[in-house]
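**Student:** quick one, fold the following:
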Amino acid sequence: MTRRVVFFINLTTDGMYVLEGALADLEPAEDVHRFANELMRETGDEVMGRVMYGVMDYWDELDLDDPATTDVEREFATFWRETPKRVVSRGRPDLRPNATLVEGDVVEAVRAMKAGDGPLIAVAGGADLFATLSDAGLIDEYRFLVIPIAIGQGKSIFGSLKEPLRLRLTGTRTFSSGAVLLDYERAD
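**Tutor:** You can find the predicted model right below:
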């Protein structure tokens, strides 16, 4: 049996995943946060790009004993800290506890991880990491959380694909904020 590789990202309704500052203050509704907590709880390894890893430093720095920290935040931070992170970078970023740099070819590294037994491997990153692993056929499930905002510009998660990615819808879920989770697998 092989491990499943799941790619998850928040997208705007116009398909963007980043625009400096435009999405920085996005606070997920509690039901979205609980979904993210469940996904993190099920994750055995998190493979992520350097930029996404940097964005997530908040969860390593969050004071779990602060009374202002909500239960849902505390739960996510706990799962986050327990999950091994595999960071993909061309450089040598500073790594926090429970993180290692992916050495060598990321496709071969993920292929080796996938060949073993264990819980799912979550992938979070930008268009280049997405395209590299998708083009190699390593992503089993695509989970796009479409948030109800259009920003008109930014970076498309699909912008680095070398060829069309044909997907088959396997499920949907609507959240209280109007965000919609779209679950896909490869159609081929």
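
**Student:** quick one: low-confidence parts of the protein?
**Tutor:** The model of the chain has pLDDT under 70 over residues 1, 18-26.

**Student:** what about the strands in it?
**Tutor:** Applying DSSP state E to the chain gives strands spanning 5-12, 16-18, 43-49, 85-88, 99-101, 120-124, 141-147, 155-156, 167-174, 180-186.

**Student:** tally of neighbours for the nearest residue to residue 128 once chain neighbours are set aside?
**Tutor:** Distances taken as C-beta to C-beta, 6 or more residues apart in numbering place residue 160 nearest to residue 128, at 5.0 Å, with adjacent residues excluded. All C-beta atoms are positioned from the backbone trio N, CA, C, and that covers glycine. Using other C-beta atoms under 10 Å, residue 160 has 16 neighbouring residues.

**Student:** hmm, back to that, which stretch among the strands of the chain comes nearest residue 133?
**Tutor:** If you check each of these against residue 133 by C-beta to C-beta, strand 120-124 wins as the nearest, at 6.1 Å.

**Student:** any chance of the strands of the chain in a markdown table, plus mean neighbour count?
**Tutor:** What follows is these, written out as a markdown table (neighbours: other C-beta atoms under 10 Å):
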| stretch | mean neighbour count |
| --- | --- |
| strand 5-12 | 20 |
| strand 16-18 | 21 |
| strand 43-49 | 22 |
| strand 85-88 | 22 |
| strand 99-101 | 14 |
| strand 120-124 | 23 |
| strand 141-147 | 19 |
| strand 155-156 | 15 |
| strand 167-174 | 12 |
| strand 180-186 | 16 |
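
**Student:** list the contacts of the residue nearest to residue 128.
**Tutor:** 127, 128, 130, 131, 132 (C-beta atoms under 8 Å, 6 or more residues apart in numbering).

**Student:** dump the strands of the chain to CSV, plus distance to residue 76.
**Tutor:** Formatted as CSV, the strands of the chain follow (distance: least, C-beta to C-beta, whole Å):
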stretch, distance to residue 76
strand 5-12, 13
strand 16-18, 19
strand 43-49, 11
strand 85-88, 14
strand 99-101, 17
strand 120-124, 13
strand 141-147, 15
strand 155-156, 25
strand 167-174, 18
strand 180-186, 17
